[in-house]
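Participant: here is the input, now give the coordinates:
(chains A and B)
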Amino acid sequence: MKPTTAALLAGAGASALAFAATPAAAQDLRVFIGGQQRPDVVRPLLDRYQEANPGVSIELEVGGATSELQQQYLTTVLTSQDDALDVFLIDVVRPAQYAAAGWAEPLDSYLGDERDAVLDRYLPVYAEADVVNGEIVALPAFADAMFLYYRADLLEEHGFEPPETWEELMTAASAIQEAEGDDNLQGLSYQGAAIEGANCTFLVPYWGAGGTLTDAEGNVDIDEAAAEQAFGFLLDTIESGVTKANIAEVGTDDTRREFQAGNVIFAINWAYAWNRFQTDEDSAVAGDVGVVPLPAFEGGEPATCIGGWQWAVSAFSSNKEAAVDLVRFLSGPEGSKHLAINASNLPVIPGLYEDPEVLEVNPWFEFALPVVLSARSRPQSPRYPEVSDTIRTEVNAVLAGIKEPEAAITDMEARLQRVLR
Amino acid sequence: MTTRDIPRDETDAAVPAGLRPLPVDDAIERRFKRRTLGDMDERTLGLILLIPVAVLLGLVVVYPVGKLLWTSLHTVRLSEPWLGRPFVGLLNYRDALADPRFRDATINTVLYTLITVPGALIVGLGLALLANLPFRTRWPVRLALLLPWALPLVFAGLIFRWFFDSTYGVVNDVIARLGFDPPLWLTEPSLAFAAICIAIIWKTSSFMALVLLAGLQTIPRSLYEAAKVDGAGPFQVFRRVTLPLLKPAIVVALIFRTITAIQNFDIPYAMTRGGPGRTTETLAMYIHATTLDFLDFGYGSALAVLMFLVSMAATAWYLKHIYGTQA
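Facilitator: Below you'll find the predicted structure:
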């Protein structure tokens, strides 16, 4: 009996040692992204990494259809310092908050000598957004900006060119709506629900009218004339019937769905919508979609909101080395190109805008680079959630017709001054 | 002299130790010991048996509530960790009382409670009376009663959001077919509020009905028969027999329903997110936004303590006014 027991013990000990020494056991990574960021496209990219790195096994967790819902889940996991997640995607407005809360592992020490070289390959706006107080909080996954999508078939049929000003857009939309005589056909769809996108719904015409949120010293100072022009334009879209009356209920993906169903002439949306319009099986508009930079006010400059998502490593990950390596792959040229081709996610690396394979699928990326380069950032702050909540709620109240623009502007300014002091 | 000195030691040694009879004075000593232990039990057994429950309650009730109170007296803002976690006394409470958003959310919560609790009671009582009728096959009625109760709140909210969708909803479809102008349910504040109340009453009246149905079934049939013999009409029977005997069940149902109504979150969150503007925001939604979105746990805890006080006040009122008169 004794020899058998001893042998068993020895075997168990040996296998325990072997278990501990096998890298596979230590390299289970869990990646979290939102439903909007195309898990069907991200999964093959993770598979490619797994093939190149035997012993690494990656699980993809998907949750949250909007930026705020994703954020709420991550907040729950990260405030409890849970090590369940290793890598996650964060919105371009979040790095300051993640750095302040200590949720994202700073990547500088892992990158070592390559730090500056890694940062230099990205579009400058993202290299800036992801560095907070000199530390790299995350690396960019894909770029984004708001564009104007239009029904090329309807514009051609009724003899309109893609608009360069909001005034032209209103004229064209009204004329086409009237000529088509379809009550369900909306002239323009944008985001009026109190979601993250509603900030851009206000900021785009506000910036276009020459407004800025802060003065030269960085103090909150809302340009009332510009804000009134912006709200005036938005309310005009509702009063004229170009936008549907319940625009205050419309979120980002509602705009995408309604355009895709053929019920919208012009839509303001992010880059991801292009791929859905052209390739989704239920798309009623495939082949009839055009996209141009957002219009300007007559005599003004166009403006757009910068978007995009970043790969971050959890500060509570028990496997940071492996996680950083994965993030370097995902944010590298191969990852960016894969997302550009398969999900029409705008590349974060300038050279990819001239890549023939990318351009074949997304011919409009040719003019997208200058748009992304000139796109403007929403305010950066560790208290961004409060900034966002303030702007989007006031915008929603004005669009629902329950608050006068002047009152909304006053309240917005007062609240932002307290939050961004 | 001890028992060991008795000269039968040798024979005892041959018997296995376990079978050896105990020496007499040892046995007496043991019995005596057992009796004293028993006496102590009478005083402490209850307490000893309560320890597991006390520990459990301490972990899941006292600790979190204590932590909540502690947090509410401090600045705990994860978005600005450099502030540290200083003790600020009642500052968070003072801020809350001056905060118009807190005031509006409290008013909304009270309004929801005042409308949906009686609403659910009336609908639930009707359902319970229906389900208590002598059907031949009762299970379809009982199942229909159970379904809304078993449905997760968020699902109910999402379903009703689609019902009330201005463009695609079934409610506006019916209104349009009847030849009226379909209203913008979730864009117009008062309509959004009404839509939320309808969803809440639909969802919660089945819980009311279940509790009341259980109450109805405890009322002896003989009382109804006696009332009939005395010539009472159906309304009189309901007023003089059913209602008084159902009162304990109604009070229990009301207390439970009121507390959950004060904590109202899921349905308005799924239907409007508090919009348009903040016109349908409840206290629980504001607490959720303060803690999970803004990461301001100190202020959020103070708001939660205030909401707890509102719940306590409502429960105390019930106990005083309804139980009090009954006793």
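
Participant: around chain A, pick out the residues from the stretch 51-200 of chain B.
Facilitator: The stretch 51-200 of chain B comes close to chain A at residues B:78-82, B:165-167, B:184, B:186-189, as judged by Cβ under 8 Å from any Cβ of the partner chain. The C-beta positions use only the backbone N, C-alpha and C, and glycine is treated the same way.

Participant: what's the farthest-apart pair in those residues?
Facilitator: Distance extremes for these: the farthest pair is B:82 and B:167 at 47.5 Å, using Cβ to Cβ.

Participant: quick one, which of these two is more surrounded?
Facilitator: Ranked by neighbour count (other Cβ atoms under 10 Å in any protein chain shown), residue B:82 and residue B:167 place residue B:167 first, with 18 against 7.

Participant: re earlier: are any of the residues of the stretch 51-200 of chain B next to chain A buried, and which?
Facilitator: The neighbour-count criterion (16 or more other Cβ atoms under 10 Å in any protein chain shown) marks B:78-80, B:165-167, B:184, B:186-189 among those as buried.

Participant: quick revisit: so which of the residues of the stretch 51-200 of chain B next to chain A is the closest to residue B:292?
Facilitator: Here the nearest of those to residue B:292, counting by Cβ to Cβ, is residue B:78; it sits at 10.4 Å.

Participant: thinking the closest one is in contact with residue B:295, fair?
Facilitator: Yes - with contacts counted by Cβ atoms under 8 Å, residue B:78 reaches residue B:295, the gap being 3.8 Å.

Participant: now residue A:51: how far from chain B?
Facilitator: The gap separating residue A:51 from chain B is 38 Å, by Cβ to the nearest Cβ, to the nearest Å.

Participant: burial count for that residue?
Facilitator: As a burial measure, residue A:51 scores 9 neighbours (other Cβ under 10 Å).

Participant: would you map the helices across the stretch 151-300 of chain A?
Facilitator: Secondary structure of the stretch 151-300 of chain A (DSSP state H, counting those that start in this stretch): helices located at A:152-157, A:166-180, A:196-208, A:224-239, A:252-260, A:272-279.

Participant: looking at those helices, which is nearest to residue B:141?
Facilitator: Of all the helices of the stretch 151-300 of chain A, helix A:252-260 sits nearest to residue B:141, with 38.6 Å by Cβ to Cβ.

Participant: now find how far off-centre that closest one is within its chain.
Facilitator: Centre-to-centre, helix A:252-260 and its host chain are 16 Å apart (Cα atoms, centre = their mean, to the nearest Å).

Participant: and the residue of the stretch 101-250 of chain B found nearest chain A, what are its phi and psi?
Facilitator: Proximity of the stretch 101-250 of chain B to chain A (Cβ to the nearest Cβ) peaks at residue B:166, 4.1 Å away. Main-chain dihedrals, residue B:166, degrees, to the nearest 10: phi -60, psi -40.

Participant: how about the one 5 residues further on?
Facilitator: Main-chain dihedrals, residue B:171, degrees, to the nearest 10: phi -60, psi -50.

Participant: right, and it touches residue B:163 too?
Facilitator: Yes - between residue B:171 and residue B:163 there is a contact at 5.2 Å, judged by Cβ under 8 Å.

Participant: which of the residues of the stretch 51-200 of chain B next to chain A fall within helices?
Facilitator: Among these, the residues falling in helices (DSSP state H) are residue B:189.

Participant: coming back round to it: residue contacts, the residue of the stretch 101-250 of chain B closest to chain A?
Facilitator: Residue B:166 sits next to A:245-246, A:249, B:172, B:182-187 when contact means Cβ atoms under 8 Å, 6 or more residues apart in numbering or on different chains.

Participant: run through the residues that contact the residue lying closest to it once chain neighbours are set aside.
Facilitator: Nearest residue to residue B:166, sequence neighbours excluded (Cβ to Cβ, 6 or more residues apart in numbering or on different chains): residue A:246, at 4.1 Å. For residue A:246, the contact set (Cβ under 8 Å, 6+ apart) comprises B:166-167, B:184, B:186-187.

Participant: tell me the confidence at residue B:325?
Facilitator: You'll see residue B:325 listed with a pLDDT of 56.

Participant: meant to ask about residue B:281
Facilitator: Per-residue confidence (pLDDT) for residue B:281: 96.

Participant: so it belongs to a strand, correct?
Facilitator: No - assigned with DSSP: H, G, I helix; E, B strand; the rest coil, residue B:281 falls outside any strand and is coil.

Participant: wouldn't it be in contact with residue B:274 here?
Facilitator: Yes - Residue B:281 lies in contact with residue B:274 (Cβ under 8 Å); the separation is 3.5 Å.

Participant: tell me, what's touching these two both at once?
Facilitator: Overlap of the contact sets of residue B:281 and residue B:274 (by Cβ under 8 Å, 6+ apart) consists of residue B:268.

Participant: mind checking pLDDT for residue A:89?
Facilitator: Among the per-residue scores, residue A:89 holds a pLDDT of 96.

Participant: quick one: residues contacting the residue sitting nearest the centre point of chain A.
Facilitator: Residue closest to the average C-alpha location in chain A (Cα atoms, centre = their mean): residue A:308, at 3.8 Å. Residue A:308 sits next to A:91-92, A:126, A:129, A:140-144, A:346, A:348 when contact means Cβ under 8 Å, 6+ apart.
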